[in-house]
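*Asks:* model this:
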Amino acid sequence: ELVASRGDVSTELAAPGLVRVEQELDSVNARLHTDIDFARESAGLEDVIGHGMLTMAMIGQMIDETFPRESISEFGVRFVAPSRVGDAITCALEPETDGDGRTWAVSAVTADGRTLAEGRLVVTSMNKS
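*Replies:* Sure thing, here's the model as predicted:
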């Protein structure tokens, strides 16, 4: 279950630890996300990794719960590190201090401090209906 909390300055979305996916995904390198032996042998990983789009979806859910969709004029992230089985992830939305209140920094960070993704959001309106 995802839990969102909003404050005057920031918004966060937290998720409990990730669980291993036991199904095939239709994407490039899907086996890194579903096949432990493949992840270990081909990439030297300890276990499968979470798909970057899972992190992006968590950030998107936080944004969707904060701003009306029609107010989003720009949104993008850069993936910094993969999520791992057991990671508890917190997504954050912080206003840029030198802006006009429409530009926000977005991020996804694990409980142990690893940044998974970071990016930017620009909105035209601050009102969630």
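*Asks:* what packs against the biggest helix by length in the chain?
*Replies:* Criterion DSSP state H: the longest helix present in the chain is helix 52-66. Applying 3 or more Cβ pairs under 8 Å, 6 or more residues apart in numbering; DSSP states H and E, one finds that helix 52-66 contacts strand 3-6, strand 11-15, strand 72-79, strand 89-95, strand 103-110, strand 115-123. All C-beta spots, glycine's among them, are computed from the backbone N, C-alpha and C.
*Asks:* so how far is residue 37 from the most centrally placed residue in the chain?
*Replies:* For the chain, residue 55 is the residue whose C-alpha lies nearest the centre (Cα atoms, centre = their mean; 3.0 Å). Distance, residue 55 to residue 37, by Cβ to Cβ, to the nearest Å: 24 Å.
*Asks:* repeat for residue 53
*Replies:* Plainly put, residue 53 is 23 Å away from residue 37 if you go by Cβ to Cβ.
*Asks:* more neighbours, these two?
*Replies:* A count of neighbours by other Cβ atoms under 10 Å puts residue 53 above the other of residue 53 and residue 37, at 12 against 9.
*Asks:* quick one: secondary structure of the nearest residue to residue 46 once chain neighbours are set aside?
*Replies:* Leaving aside its chain neighbours, residue 46 sits nearest to residue 40 (7.2 Å; criterion: Cβ to Cβ, 6 or more residues apart in numbering). Assigned with DSSP: H, G, I helix; E, B strand; the rest coil, residue 40 falls in the helix class.
*Asks:* residue 40 and residue 34, how far apart?
*Replies:* Going from residue 40 to residue 34 by Cβ to Cβ gives 13 Å.
*Asks:* now do residue 123
*Replies:* Taking Cβ to Cβ as the measure, residue 123 falls 36 Å from residue 34.
*Asks:* of the two, which one has the most company?
*Replies:* Taking neighbours as other Cβ under 10 Å, residue 123 and residue 34 compare with residue 123 leading, 20 against 16.
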